[in-house]
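Asker: Everything below, folded, please.
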Amino acid sequence: MVMNNSVTEFILFGLTQDAEKQKMIFGIFLFLYLLTLLGNFLIVVTIKTSHTLGSPMYFFLFYLSFADACFSTTTTPRLIVDALSQKKTISYHECMTQVFAVHFFGCMEVFVLILMAFDRYVAICKPLQYTTIISRRVCGVLVILAWVGSCVHSSVQIMLTLKLPFCGPNVIDHYLCDLQPLLKLACMDTYVINLLLVSNSGAICMVSFMLLLISYVVILYSLRNHSACTSHFIVVVIFFGPCIFMYTRPPTTFPVDKLVAVFYTIGTPFLNPLIYTLRNAEVKNAMKKLWCSKL
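Answerer: A predicted model of the protein is given here:
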């Protein structure tokens, strides 16, 4: 492993250097983060305790909400704290941990979205074979495979990132440690490593998006009521559009990168609970029963 220890910490620029805007960022993103945690926590607890939400769709939704809460937690708290901090530094080891966590939970979200789309496809297009194809045992195996796949993906990413030597500038023009800004700071030719990183993250983003796109087109074609499926599709586009923009290109950074990253690191985990609960009468009824009985 090639590693230069002359850089022991990085300085994160955050979303802006403007003091007034930083106060706004603190308030806005603290509010969004708390709502994200609350929304995903409500879904997790409701599905875990409700007897009416035992179908595979809610089994997968449980893991999506868990992944969303963890994914948001890997980036948002530091953005919130840094908005009011004078010293916006992150240690080398914290930075590497963040890279691993962002890719682990981000990939987990991708795989669970695919499993949910597959579940809906079977339910709508092959209703008579649904209970045979999507059994409880199959669901468990699929989720385990999603965890393993996420671990493999993030392990490859972090192993490649750990090979980067940092011996000069340590300022990251971002609010999180991500691959492209780190590649820019590395004091070596990063062409091959970038190619490997892109073939890993980029391939997962592109292939997953195409699979989801095909499944939603088939589902929309089969359904008369398009509204519910359309809202899910919008969230998928908000998540995958920025991911494809970030992870399928040469080792370059743009000023707009950090704003683009907000969509998939903060926006999607916030929107998913709204999309999957406000438009789902079964989940709303289960929540009312659970929390009314508790109160």
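
Asker: ok, residue 33 to residue 249 distance?
Answerer: 29 Å (C-beta to C-beta, to the nearest Å). Any C-beta I mention is one placed from the backbone N, CA and C, and that applies to glycine too.

Asker: neighbour count winner among the two?
Answerer: For residue 33 versus residue 249, neighbours defined as other C-beta atoms under 10 Å are more numerous around residue 33 (21 against 14).

Asker: Just list the residues touching the closest residue to the more buried one other than its chain neighbours, thanks.
Answerer: Nearest non-adjacent residue to residue 33, counting by C-beta to C-beta, 6 or more residues apart in numbering: residue 76, 4.4 Å away. Contact partners of residue 76, counting by C-beta atoms under 8 Å, 6 or more residues apart in numbering, are 29, 32, 33, 36, 265, 266.

Asker: ok, now residue 215?
Answerer: Counted by C-beta under 8 Å, 6+ apart, residue 215 has contacts 117, 118, 120, 121.

Asker: Can you tell me how far the residue nearest to residue 33 is from residue 195?
Answerer: Distance, residue 76 to residue 195, using C-beta to C-beta: 31 Å.

Asker: what does residue 36 give?
Answerer: For residue 36, the distance to residue 195 equals 34 Å [C-beta to C-beta].

Asker: which residues touch residue 121?
Answerer: 215, 218, 219.

Asker: Next, the buried residues of the helix or strand hosting the first one.
Answerer: Under the criterion DSSP states H and E, the helix or strand holding residue 215 is helix 203-222. Of the residues in helix 203-222, those buried by neighbour count under the rule 16 or more other C-beta atoms under 10 Å are 204, 205, 208, 209, 212, 215, 216, 219.

Asker: For the third one, which non-adjacent residue is spatially closest?
Answerer: Nearest residue to residue 208 in three dimensions, chain neighbours excluded: residue 110, at 4.9 Å (C-beta to C-beta, 6+ apart).

Asker: Could you tell me the phi and psi values at the one you found?
Answerer: phi -60, psi -50 (degrees, to the nearest 10).

Asker: What is the burial count for it?
Answerer: Neighbours of residue 110 (other C-beta under 10 Å): 26.

Asker: pretty sure it is touching residue 206, no?
Answerer: No - Residue 110 lies out of contact with residue 206 (C-beta atoms under 8 Å); the separation is 11.1 Å.

Asker: any chance you could map the helices in the stretch 101-250 of the chain?
Answerer: 130-133, 136-162, 179-185, 191-197, 203-222, 227-247 (DSSP state H, counting those that start in this stretch).

Asker: Could you single out the most deeply buried of those?
Answerer: Among these, helix 179-185 has the highest mean neighbour count (mean count of other C-beta atoms under 10 Å), at a mean of 20.

Asker: That helix - contacts with which helices or strands?
Answerer: helix 92-125, helix 136-162, strand 171-172, helix 191-197 (3 or more C-beta pairs under 8 Å, 6 or more residues apart in numbering; DSSP states H and E).

Asker: Would you mind writing the CA trace of that helix as CSV?
Answerer: Listed next in CSV are the C-alpha coordinates belonging to helix 179-185 (Å, rounded to 0.1, in the frame of the first residue of the first chain):
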residue,chain,number,x,y,z
LEU,A,179,-13.3,10.5,-4.3
GLN,A,180,-13.0,13.3,-6.9
PRO,A,181,-11.7,16.0,-4.5
LEU,A,182,-9.2,13.5,-3.0
LEU,A,183,-8.0,12.4,-6.4
LYS,A,184,-7.3,16.1,-7.2
LEU,A,185,-5.1,16.4,-4.0
